[in-house]
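>>> using only what follows, build the 3D model:
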Amino acid sequence: MKYYIFRNSTIEILFENLNVSFSEYGNILSIDLNADIFVWFYTVPLNMERKFLILAIESYFNSIQLVQKLIPDTKTFLIFTLQDPFRAKPYIADFSVDRAMNYFNFQIIDFASKYNNIKIIDFTDFTKDYSQEHLIDWKYYFLSRMPFNPRLSNPFQEWFSRQIEAINMKRKKCLILDLDNTLWGGVLGEDGIENVKISGDYPGNAFTLFQQKLLDLSRTGVILAICSKNNEDDVLELWEKNPFMILKKDNFSSYRINWSNKADNICEISKELNIGLDSIVFIDDSPTERELVKQLLPMIEVPCFPAHPYLLPVFAEKLQREYFYVYKVTEEDKTKTDQYQNNSLRTSFQKSFANFTDFLRSLEISLTIQKGNYLNIPRIAQMTQKTNQFNLTTKRYLDVDIQKFISRNDYVFCMSVKDKFGDDGITGAIILTMGKGNSVTIDSLLLSCRILGKGVERAFVVKVLSLIRKDGINIVYAHYIPTKKNEQVKYFYEKIGFHLINEIDGIKTYQFEFKDEDLTIEQFYNIQII
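Below you'll find the model as predicted:
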């Protein structure tokens, strides 16, 4: 990955381990179009008279607008918020520079909302951890115009790497939690539902804040689950009767409350939610339980739990930063808990049917298929980053990559699924690239594991094929690229009528040729094209 950075000061040391080229100081006209990612990283000048400093800050946004026109919309443009590491004032009530910086930051945030390829990097997320003495080493500033202490190079690069991962939507999916002395103070079996420490004075107020932070995390799409050695009836009663509990039963997509081995319980939760063990973070106050899970399930992240409740706010922020950082929350993320709970209702409902087809018909399944556009591009990109099981090629893409497909007139479709139990939102995507003559190749085909098992995957592909056939497409090529996680789709293309051309080292190539007969879809799917 190659970066090109627009800068007005010496910042090379902050990016020394990356493939980077830099503009000359303040030069916005020269640009390396071979770069993959462009970065605007201007700093507040430390040696400028205040009135000219304000004029300089006010000019930055105009420069960014000019730069944006030079950068293809198929490439990522990162803009750092503006911060003043020195923050010297001639008098206390002089907020002129603060006002100029705040207005600049407001402008770029508003500007980014109009373009999928522009992302804002909040620099205060890094600088807030350091005092002015740590941020600036005046020796290096006077020697080489370096506004930031070179000793910050390693922590900056670690932080910047997390920002890129958040933009790429690479994070863990599920947080599994213990209960006693983890979500509340005390032991439920000994203290009773009224006497566990939650709310009120310390330490109860610390656990309340921790639960609130976890609730906020779940609203960004993180799945919450419980794995606790306890009596299940006691916990259910606590959730029902204790009015101070922030997190209730409905906030958890799965739970195992029993006296069984926690590693086995975690494996059961993983299977129930249909997620990989490597996408799980496990939280427990007991060092013994943590070590057990580490030894038996080494692919799971098991951070140390704080020794004192007053450290829980810092611990919660660390959880978010290290495992669950995300740049933007989609509508599907906001309803993730409801979606998994609805899946549980479907599973229970299915048991009342002897015939699977009758069960599917009773669900009243509706599919909405739409072309890739400004609104759904972020979700399509997110699915390419997160989907592993039903993913035929497992190619990872960013917003700008999806935009690139659309810009060159390739086919990009996504699918929303809902039924009588709820709306799963956008949970399927397919990308078909134009080939020679009247042919296309399926570059990517993926569906969320939440919606599998109802035949929608076949209905989605068949409907898309019928749509592109109307454009004169008569041959479709496809590939299956095996991974450790997508074994279940190894024979998907054979099942829907594609012909295997060859197989080399497990990679299978297929061809589908349209015949005179129509492609059929089961009648009980209600399909809408928008």
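>>> quick one: buried residues of stretch 37-49?
Residues 37-46 are the ones in stretch 37-49 that count as buried (16 or more other C-beta atoms under 10 Å). Every C-beta, even on glycine, is put in place using the N, C-alpha and C of the backbone.
>>> centre of the chain to that stretch, how far?
From the chain centre to the centre of stretch 37-49 is a distance of 29 Å (C-alpha atoms, centre = their mean, to the nearest Å).
>>> pLDDT of that stretch, averaged?
Averaging pLDDT along stretch 37-49 gives 91.
>>> how about that stretch as CSV, C-alpha atoms only?
C-alpha atoms of stretch 37-49 as CSV (Å, rounded to 0.1, in the frame of the first residue of the first chain):
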residue,chain,number,x,y,z
ILE,A,37,-4.0,6.3,-0.4
PHE,A,38,-3.7,10.1,-0.2
VAL,A,39,-3.3,11.8,3.2
TRP,A,40,-3.8,15.5,4.2
PHE,A,41,-1.7,16.0,7.4
TYR,A,42,-1.2,19.7,8.0
THR,A,43,-0.1,21.0,11.4
VAL,A,44,-0.7,24.4,13.0
PRO,A,45,2.5,26.5,12.4
LEU,A,46,4.4,27.2,15.6
ASN,A,47,6.3,30.3,14.4
MET,A,48,3.7,32.5,12.8
GLU,A,49,2.2,35.7,14.0
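>>> and the residue nearest the centre of the chain?
residue 169 (3.3 Å; C-alpha atoms, centre = their mean).
>>> just say helix, strand or coil for that one.
coil (DSSP: H, G, I helix; E, B strand; the rest coil).
>>> my guess is residue 77 is in a helix, correct?
No. Assigned with three-state DSSP, residue 77 falls outside any helix and is strand.
>>> which residues touch the residue nearest to the centre of the chain?
Residues near residue 169 by C-beta atoms under 8 Å, 6 or more residues apart in numbering: 326-327, 381-382, 385-386.
>>> farthest-apart pair in these, please.
Largest separation among those by C-beta to C-beta: 327 and 386, giving 13.3 Å.
>>> coming back round to it: and which of the buried residues of stretch 37-49 is nearest residue 501?
Ranked by distance to residue 501 (C-beta to C-beta), those are led by residue 37 at 36.6 Å.
>>> pLDDT score assigned to the closest residue to residue 250 other than its chain neighbours?
In space, and not counting its chain neighbours, residue 250 is closest to residue 341: 7.2 Å by C-beta to C-beta, 6 or more residues apart in numbering. Among the per-residue scores, residue 341 holds a pLDDT of 84.
>>> then residue 125?
93.
>>> from the contacts of residue 169, list the buried ones, please.
For these, a burial check counting by 16+ other C-beta under 10 Å picks out 326-327, 381-382, 386.
>>> coming back round to it: of the contacts of residue 169, closest to residue 186?
residue 326 (33.2 Å).
>>> surely the residue nearest to residue 250 is in a helix?
Yes. Counting by three-state DSSP, residue 341 is part of a helix.
>>> quick one: neighbours of it, just the number.
17 (other C-beta atoms under 10 Å).
>>> quick one: it from residue 4, how far?
Residue 341 sits at a distance of 46 Å from residue 4 (criterion: C-beta to C-beta, to the nearest Å).
>>> again, but for residue 199
Distance from residue 199 to residue 4, by C-beta to C-beta: 52 Å.
>>> neighbour-wise, which of the two wins?
Each of residue 199 and residue 4 has its neighbours counted (other C-beta under 10 Å); residue 4 has more, 21 against 16.
>>> what's near enough to touch that one?
20-23, 31-32, 35, 37-39.
>>> you'd agree it is in a strand?
Yes. Under three-state DSSP, residue 4 sits within a strand.
>>> pull up the pairing partners for the longest strand anywhere in the chain, direction included.
In the chain, with assignment by DSSP state E, the single longest strand is strand 422-434. Strand pairing for strand 422-434, determined by DSSP bridges: strand 411-419 (antiparallel), strand 439-447 (antiparallel).
>>> kindly export the last one (C-alpha atoms) in PDB.
What it means is strand 439-447. Included here for strand 439-447 are C-alpha records, laid out as PDB according to Å, rounded to 0.1, in the frame of the first residue of the first chain:
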ATOM      1  CA  SER A 439     -19.600 -12.300 -21.000                       C
ATOM      2  CA  VAL A 440     -19.100 -11.500 -17.400                       C
ATOM      3  CA  THR A 441     -17.100 -13.000 -14.500                       C
ATOM      4  CA  ILE A 442     -18.400 -13.200 -10.900                       C
ATOM      5  CA  ASP A 443     -15.600 -11.500  -9.000                       C
ATOM      6  CA  SER A 444     -17.300 -11.800  -5.600                       C
ATOM      7  CA  LEU A 445     -20.400 -13.500  -4.300                       C
ATOM      8  CA  LEU A 446     -21.100 -13.400  -0.500                       C
ATOM      9  CA  LEU A 447     -23.900 -13.600   1.900                       C
END
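>>> what angle separates the helix or strand following it from strand 422-434?
For strand 439-447, the following helix or strand on the C-terminal side (DSSP states H and E) is helix 456-469. For helix 456-469 against strand 422-434, the angle by axes from the mean of the first three to the mean of the last three C-alpha atoms, to 10 degrees is 40 degrees.
>>> list the buried residues for helix 456-469?
Along helix 456-469, these residues count as buried under the neighbour rule (16+ other C-beta under 10 Å): 456-466, 468.
>>> list the helices and strands that helix packs on?
Using 3 or more C-beta pairs under 8 Å, 6 or more residues apart in numbering; DSSP states H and E as the contact test, the elements touching helix 456-469 are strand 366-371, strand 411-419, strand 422-434, strand 439-447, strand 526-529.
>>> now the fourth one: mean pLDDT?
Put plainly, it is strand 439-447. On average, strand 439-447 scores 97.
>>> and the third one, by the same measure?
Here the mean pLDDT over strand 422-434 is 95, rounded to a whole number.
>>> over to the first one?
Averaging pLDDT along strand 366-371 yields 96.
>>> which other helices and strands does the following helix or strand past it contact?
As assigned by DSSP H and E, the chain's next helix or strand after strand 366-371 is helix 377-386. Other helices and strands packing on helix 377-386, by 3+ C-beta pairs under 8 Å, 6+ apart, are helix 399-407, strand 411-419, strand 422-434, strand 439-447.
>>> CSV for those, including mean neighbour count and distance to residue 511?
Shown next, in CSV, are the helices and strands packed on helix 377-386 (neighbours: other C-beta atoms under 10 Å; distance: least, C-beta to C-beta, whole Å):
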stretch, mean neighbour count, distance to residue 511
helix 399-407, 21, 21
strand 411-419, 22, 17
strand 422-434, 22, 14
strand 439-447, 22, 9
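>>> now render these as CSV, adding distance to residue 393.
Converted to CSV, the helices and strands packed on helix 377-386 look like this (distance: least, C-beta to C-beta, whole Å):
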stretch, distance to residue 393
helix 399-407, 13
strand 411-419, 15
strand 422-434, 9
strand 439-447, 6
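>>> hang on, the earlier thing: correct me, but the residue nearest to residue 250 touches residue 249?
No. Using C-beta atoms under 8 Å, residue 341 makes no contact with residue 249, being 9.8 Å away.
>>> of the contacts of residue 4, which belong to strands?
20-22, 37-39.
>>> what's the helix or strand for residue 228?
Judged by DSSP H and E, residue 228 forms part of strand 223-229.
>>> helix or strand right after that strand?
Next helix or strand after strand 223-229 toward the C-terminus (DSSP H and E): helix 232-241.
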